[in-house]
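Visitor: show me the folded form of this:
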Amino acid sequence: MVVPLMNLHIKSLGASHTVAGIIGSLYGVMQLFSSTFVGCWSDIVGRRYSLLACILLSALGYFLLGNSTTVFLFALSRVPVGIFKHTLSISKALLSDLVSDRDRPLVMGRFNAASSVGFILGPVVGGYLAEFEGGFYQTSFICASIFLLNGGLVWMLPWSEENTSNRDHYQDKGTNNCSAKSNHDLHFKSASSRVVTNSSFFQSPWIQVATVLKRIKGIACSNLWDVFLVRFLMSVAILLYYSNFTLALEERFEVKPLFAGYLMSYSSALGVLAGCLLGPITRLYGHNTYRLLLHSSTFTCTLILLYASAASIWMVILSSTFLAFSTTIGRTCIIDLELTVGGNEASGTLLGVGQSVTSVGRIIAPLLSGIAQEFSPCGPPSLAVGLALLAIVIMNANKQKYRSHGSVKLKNQ
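Guide: Numbering: from 1, shown residues only. Coordinates of the predicted model:
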C-alpha cells in the first residue's frame, strides 16, 4: 500500500533524487544484513515471540512514517522496518515447523499465493487513498493498524510450540518401525526443546547474540553453498528479466507503459493461481523437489530466451504467461530444497540466509542490467539466460546430494 507512494512523498518533503535513492538503498542494506540475524534469532527464542516482536516494531515504523513531516523523520521511520520487517520469513519458518516435509511445498505455495494477493491489491488501495488530501499519512496509519491487528492475532490465537511436534508425528506415522519407546523419547525431546525455547527468550541479550553468531557460523561452514548459489543465480536472472521490461517493450514493440503494467499485473495474478496448483504438481512429481526445481528452472531459462528473441508482442505475452507459473514454482521449490538439504533444526536461519542472498541479487541486478542495456534492449534477458543456465549446470553437478535428501549437519550441532 505504501511503497508505490514513497518516492512521491519524500519528494514533496523537499528531498532530492539522490537523497531519496540513498534512503531507499539504506533500507535494502538493512534488510540484507538483518534477515539472517532475525531468522536465527527466531530459532533461539521461538517463532511466536520473534514474530510478535517483528510485527510490533514494524508497526512502530509505519506509525513514524505516518508522522514524517521532514526528511529526517522519513529516514528514521525506515530503520525499524528495515531491520525487523521479516514477518514473511518467520511465518514460513513457522509453517515449516508445523507441517510434514511432503506437505511443505503445498503449504508454502498457498502461503505465497496469499502474499501475492496482498501485493496485487495493496498498490490499488494505496493509490486510491492517495487521491485524498493527506492520503499518504492515512495509508501509513492503516498499515500500522494492520500490523497491530496481526500482532493481536499472534498473541491471542491458541497455538503453541507443542504444535511444532506435529510434523515429526506425521513423518513417523509413515514408517512401520516406530515403537512405544521411540514415541515416548520423541515426546520427551519435543517437551524439553519447548522448555529451552521458552527460557531462551529471557536469556541475556549477549548470550542470544553469541548463540546467533554461532549458528550463522555453522551455516557458513556447511556445504550448502551450491543451494544458495542456485538461489542467487535464479534470483538475479528473474530480476534481470523484469529490470527493463517496460522500457524494452517500448523500444522493441512501441507499446505504451500502461500495456506493460497490465501485463505485469496479469503475470502476478497467474502467479497466485500457480501457488494454488502446487499441490497437484508436487504429487505429479512424486514430491521430488529437486526434479521439480530442475524442470521449472529449465523452463524459466527457455521462456526468458523466448522473450529475448521474440519477434512480436504475442510471443512476449506467451512467455510472460508461462513464466508466471515457472518462477512461482521455482521460488517455492528452492525454499523447500534449502530446508530439506539443510535440515529443519535451523529453518529460521536457513530462510534468513536465503533472504539475504536474494537481497544481494537485488543490489547487483540493477548494475548488471544497466551495463547490459548499453549493448541492446535484449541485453538483460540474454544475460539472465546465461545465469539460469549456470544454475542448471550446478544443480546437475550436485544432483546426487539433492536426490538423497540427506540432512547436512551444521558445525554447531
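
Visitor: give the next helix or strand downstream of the helix or strand encompassing residue 121.
Guide: Assessed by DSSP states H and E, residue 121 sits inside helix 104-130. Proceeding N to C from helix 104-130, the next assigned helix or strand is helix 135-156, under DSSP H and E.

Visitor: show me what that following helix is packed against.
Guide: Applying 3 or more C-beta pairs under 8 Å, 6 or more residues apart in numbering; DSSP states H and E, we find helix 135-156 packed against helix 3-12, helix 47-66, helix 104-130. Where C-beta positions appear, they are placed from N, C-alpha and C, glycine not excepted.

Visitor: quick one: the last one to chain centroid distance?
Guide: Spelled out, it's helix 104-130. Computed by C-alpha atoms, centre = their mean, to the nearest Å, the chain-centroid distance of helix 104-130 equals 13 Å.

Visitor: tell me where this structure has strands.
Guide: Along the chain, no stretch is classed among the strands by DSSP state E.

Visitor: got any ranges where it has weak pLDDT?
Guide: Scanning the chain for pLDDT under 70 picks out 4, 158-204, 206, 216, 218, 220-221, 344-346, 402-413.

Visitor: what residue lies at the spatial centre of it?
Guide: Note on the chain: the residue nearest the mean C-alpha position is residue 355, at 5.8 Å, using C-alpha atoms, centre = their mean.

Visitor: separation between the residue lying closest to that one once chain neighbours are set aside and residue 80?
Guide: Once flanking residues are discounted, residue 355 sits nearest to residue 35: 4.0 Å by C-beta to C-beta, 6 or more residues apart in numbering. Residue 35 sits at a distance of 14 Å from residue 80 (criterion: C-beta to C-beta, to the nearest Å).

Visitor: I'd guessed residue 347 sits against residue 43; true?
Guide: Yes. The criterion here is C-beta atoms under 8 Å, and residue 347 meets it with residue 43 at 7.2 Å.

Visitor: list residues touching both of the two?
Guide: Taking C-beta atoms under 8 Å, 6 or more residues apart in numbering as the contact rule, residue 347 and residue 43 both touch residue 93.

Visitor: which ones are touching residue 25?
Guide: By C-beta under 8 Å, 6+ apart, residue 25 has no neighbours at all.

Visitor: same question for the one 5 residues further on.
Guide: With C-beta under 8 Å, 6+ apart as the criterion, the residues that contact residue 30 are 78-79, 82-83.

Visitor: give me the neighbour count for residue 56.
Guide: 17 (other C-beta atoms under 10 Å).

Visitor: now swap in residue 388 and tell me
Guide: 28.

Visitor: ok, it to residue 45 distance?
Guide: Residue 388 sits 38 Å away from residue 45, going by C-beta to C-beta.

Visitor: check residue 280 too.
Guide: Residue 280 sits 37 Å away from residue 45, going by C-beta to C-beta.

Visitor: the more surrounded of the two?
Guide: Each of residue 280 and residue 45 has its neighbours counted (other C-beta under 10 Å); residue 45 has more, 20 against 10.

Visitor: that one contacts residue 208, correct?
Guide: Yes. Residue 45 is in contact with residue 208 according to C-beta under 8 Å; the separation is 7.0 Å.

Visitor: much appreciated, bye for now.
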